[in-house]
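*Asks:* Please work out how this folds:
(one chain, ligands or ions: 1)
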Amino acid sequence: MILLETEALTRAYGGVIAVNKVDFQVESGLITGLIGPNGAGKTTLFNNVTGLDVPSAGKVFFNQKNITGFPAHTICRMGIARTFQNIRLFKELTVVENVMIGRHFKTGKSETKGRFLNAVNSYIHLKAEEEQIYERACDWLDFFEMGSMKNELAKNLPYGRQRELEIARALATDPKLLFLDEPAAGMNPQETDHLMATIRKIRDLGITVVLIEHDMKLVMNICDSITVLNYGQKLAQGTPREIKHNPSVIEAYLGKEEE
Ligand SMILES: Nc1ncnc2c1ncn2[C@@H]1O[C@H](COP(=O)(O)OP(=O)(O)OP(=O)(O)O)[C@@H](O)[C@H]1O
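*Replies:* Alright, predicted model coming up:
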């Protein structure tokens, strides 16, 4: 089943057509890779699908529903989460607080309800809600084998763990679909191996994953399907094996040394 689909998605910035009539499909339950040279339009596609940017033309469908141009918070509540190319943690907050913030993105605060409750009820309600959010954040940290680090400041975690913490925060919104923008960037080989196992575990929970990545070992190892962008256009789509042997992809991106 197709979970997310774009139809002729286009985003132009003045004369630069960053994404040019791209038809992109994400199959439910799989890991889909989005690859291509620098400036190919990968992040722009992510931004236009997750509501951080508005397409110039074309459509985006999630679960068959047209979500084109919806704001980011609505898209998040519908079940799409993402991480960013650069680390965006709250470094002076603890690990568990960083994950709890993710959950707050989803729930928002019940501001209007407060008018109908007296102050005490409102306090009890919020406290219970906060405790639930805390418990759920701890569950996610256990999933990431970071339970013992929950009270550390985020800035004190090793780099690879900080990047995984961002993924934990995105997952705290309970998404059906998770977009990861260069999750392995800056990681050493051990951290990348750990990340690969983590992403597989996320897929095994039934969460669909789409990732932009330049680390071809990671992409070829864990993706079920790969889409290649080049100069804003879709160059190819297929299994890792098909992509590895596609002459246009070798020419535009992978280079001849790939077997
Ligand atoms: N806000 C913007 N204003 C103007 N041009 C932009 C903007 N965002 C992206 N671009 C241009 O659109 C093109 C695609 O950029 P994008 O960041 O999507 O590529 P990318 O494939 O994610 O690259 P990388 O692998 O380097 O992250 C580039 O030419 C870029 O300069």
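*Asks:* contacts and neighbour counts: CA atoms only from here.
*Replies:* Fine.
*Asks:* Poorly predicted segments of the chain, please.
*Replies:* Counting by pLDDT under 70, the chain has low-confidence residues at 105-122, 256-259.
*Asks:* Let me see the ranges of the strands in it.
*Replies:* Along the chain, counting by DSSP state E, strands occupy 2-13, 16-27, 31-35, 57-62, 65-66, 80-82, 177-181, 208-212, 225-230, 233-238.
*Asks:* Could you say which one of those comes nearest to the ligand?
*Replies:* strand 16-27 (4.0 Å; C-alpha to the nearest ligand atom).
*Asks:* So for that closest one, what gets flagged as buried?
*Replies:* Within strand 16-27, the residues scored as buried using 16 or more other C-alpha atoms under 10 Å are 17-27.
*Asks:* swap in stretch 206-223?
*Replies:* 207-214, 218-220, 222-223.
*Asks:* now those as JSON lines including distance to the ligand?
*Replies:* JSON lines is the format used below for these (distance: C-alpha to the nearest ligand atom, whole Å):
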{"residue": "Ile207", "distance to the ligand": "23"}
{"residue": "Thr208", "distance to the ligand": "20"}
{"residue": "Val209", "distance to the ligand": "17"}
{"residue": "Val210", "distance to the ligand": "14"}
{"residue": "Leu211", "distance to the ligand": "11"}
{"residue": "Ile212", "distance to the ligand": "8"}
{"residue": "Glu213", "distance to the ligand": "8"}
{"residue": "His214", "distance to the ligand": "7"}
{"residue": "Leu218", "distance to the ligand": "15"}
{"residue": "Val219", "distance to the ligand": "14"}
{"residue": "Met220", "distance to the ligand": "17"}
{"residue": "Ile222", "distance to the ligand": "19"}
{"residue": "Cys223", "distance to the ligand": "18"}
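*Asks:* returning to that earlier point: for the buried residues of strand 16-27, give me CSV that also has distance to the ligand.
*Replies:* Putting these into CSV (distance: C-alpha to the nearest ligand atom, whole Å) gives the following:
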residue, distance to the ligand
Ile17, 7
Ala18, 4
Val19, 7
Asn20, 10
Lys21, 14
Val22, 13
Asp23, 15
Phe24, 14
Gln25, 17
Val26, 18
Glu27, 21
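*Asks:* residues touching the closest residue to Val60 other than its chain neighbours, list them.
*Replies:* In space, and not counting its chain neighbours, Val60 is closest to Thr6: 4.4 Å by C-alpha to C-alpha, 6 or more residues apart in numbering. When the contact criterion is C-alpha atoms under 8 Å, 6 or more residues apart in numbering, the partners of Thr6 are 22-25, 58-61.
*Asks:* Spatially, what comes nearest to the most centrally placed residue in the chain if we skip its sequence neighbours?
*Replies:* When C-alpha atoms, centre = their mean is applied to the chain, the residue found nearest the centroid is Phe179 (2.1 Å). In space, and not counting its chain neighbours, Phe179 is closest to Arg82: 4.4 Å by C-alpha to C-alpha, 6+ apart.
*Asks:* Would you agree the one you found is in contact with Ala168?
*Replies:* No - here Arg82 lies out of contact with Ala168, judged by C-alpha atoms under 8 Å, at a distance of 10.5 Å.
*Asks:* Now do the closest residue to Thr68 other than its chain neighbours against Asn151, distance only.
*Replies:* Residue nearest to Thr68 in three dimensions, not counting chain neighbours: Val60, with 4.9 Å by C-alpha to C-alpha, 6+ apart. Per C-alpha to C-alpha, to the nearest Å, Val60 is found 39 Å from Asn151.
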